[in-house]
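**Student:** Next input, structure requested:
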Amino acid sequence: MTDLSHVLPGGLPDKRQVAASFSRAAASYDSVAELQRAVGSELLRRMPEDISPQRWLDLGCGTGYFSRVLGQSFPDSQGVALDIAEGMLNHARPLGGAQHFIAGDAERLPLQDASCGLIYSSLAVQWCSDFAAVLSEARRVLQPGGVLAFASLCVGTLDELRESWRAADGMVHVNRFRPFSAYEQLCAASGLRVHSLEQRPHVLHYPDVRSLTHELKALGAHNLNPGRPGGLTGRARIVALVQAYEQFRQAQGLPATYQVVYAVLEKPL
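**Tutor:** Model (predicted):
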């Protein structure tokens, strides 16, 4: 399989930083997770109607919201919730939904071959630099006929914020994501059958820039990129950012566009 991780300018953030950031955000995450709820629910609607796995995996389970939804959807199945962030697992475990809560990496799943009928992953794999490895591991862990349903983010996400920061100081302040074409190439080369793969924009609106940046921090999804500026951001740069972002204002408020990738793949029989 072709590793397209090099197409990301500057690379993706270190996964230890990702784990630590999301662990710190565990307590505040659910209060600001409107996008995560909407995208995860849409992903559920895209799964095959006749799916009935004996065991399912919520890959990148976060606070376990969709682990609990999956547990209700498949009450006779065994559920596994996995996340790289221990803080998220500590938050999710007492709330139930899955039988097992495991700390693990999507690029090296601590699960046996052909052990799951469904892998569900909403807004987690964008943090994986080696997405070919994620797909390879999914293929290994899925049973023949099993389904991988994932939602991710691609290039174009938070472009309004990215362009406003570029106007303010030219530094890297916004997380980078791989292009949709990379998802197309890697899924086609994965050995999994592609049922559906598409990109759809999801736009949220905010009264001001502070509301957006506060939410990103509460989600643990603020800037984790190599090359990001260190230390506090100066007042003059913040003023420049606010002025630049105001050019995007719409009647509903300041838009923040997320380019969401939805995919449903199946392991051949």
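**Student:** okay, CA-based contacts and neighbour counts for the rest of this
**Tutor:** Fine.
**Student:** Just the strands from the protein, written as ranges.
**Tutor:** Ranges of strands within the chain are 55-59, 78-83, 100-103, 116-122, 142-153, 193-206, 254-266, based on DSSP state E.
**Student:** What are the boundaries of the helices in the chain?
**Tutor:** Remark: helices assigned in the chain by DSSP state H are 15-24, 26-29, 34-46, 65-73, 86-92, 131-141, 159-168, 180-188, 209-219, 235-245.
**Student:** Out of the ones you listed, name the one with the poorest average pLDDT.
**Tutor:** Sorting the helices of the chain by mean pLDDT places helix 26-29 lowest, at a mean of 48.
**Student:** ok, now how distant is the residue located most distally from the centre of the chain from A182?
**Tutor:** Distance from the C-alpha centroid of the chain peaks at A236, with 32.2 Å (C-alpha atoms, centre = their mean). Using C-alpha to C-alpha, to the nearest Å, A236 is found at 37 Å from A182.
**Student:** what's the answer for V39, then?
**Tutor:** For V39, the distance to A182 equals 20 Å [C-alpha to C-alpha].
**Student:** neighbours around R45, how many?
**Tutor:** Using other C-alpha atoms under 10 Å, R45 has 10 other residues around it.
**Student:** sorry, that was for D76
**Tutor:** A count of neighbours around D76, defined by other C-alpha under 10 Å, yields 12.
**Student:** wait, what's in contact with it?
**Tutor:** Taking C-alpha atoms under 8 Å, 6 or more residues apart in numbering, we find D76 in contact with Q54.
**Student:** Check the gap between it and V125 for me.
**Tutor:** 27 Å.
**Student:** same deal with H195?
**Tutor:** For H195 relative to V125 (C-alpha to C-alpha), the value is 19 Å.
**Student:** If you count surrounding residues, which of the two has more?
**Tutor:** Set side by side, H195 and V125 show more neighbours around V125, with 20 against 15, by other C-alpha under 10 Å.
**Student:** Pairing partners for the closest residue to the more buried one other than its chain neighbours in the sheet, please.
**Tutor:** Computed as C-alpha to C-alpha, 6 or more residues apart in numbering, the closest residue to V125 that is not its neighbour in sequence is S152, at 6.1 Å. On the basis of DSSP bridges, S152 is bridged to V261.
**Student:** pLDDT score assigned to S152?
**Tutor:** For S152, the predicted pLDDT is 96.
**Student:** Could you report the separation of it from Y183?
**Tutor:** In this view, S152 and Y183 are 9 Å apart by C-alpha to C-alpha.
**Student:** do K217 as well
**Tutor:** Shown here: K217 relative to Y183, a distance of 27 Å by C-alpha to C-alpha.
**Student:** Show me which of the two is the more surrounded one.
**Tutor:** Taking other C-alpha under 10 Å, K217 and Y183 do not tie; Y183 has more neighbours (21 against 18).
**Student:** Would you check how far apart that one and T257 are?
**Tutor:** Going from Y183 to T257 by C-alpha to C-alpha gives 19 Å.
**Student:** Quick one: residues contacting S190.
**Tutor:** By C-alpha under 8 Å, 6+ apart, the residues touching S190 are M1, A132, L135, S136, R139.
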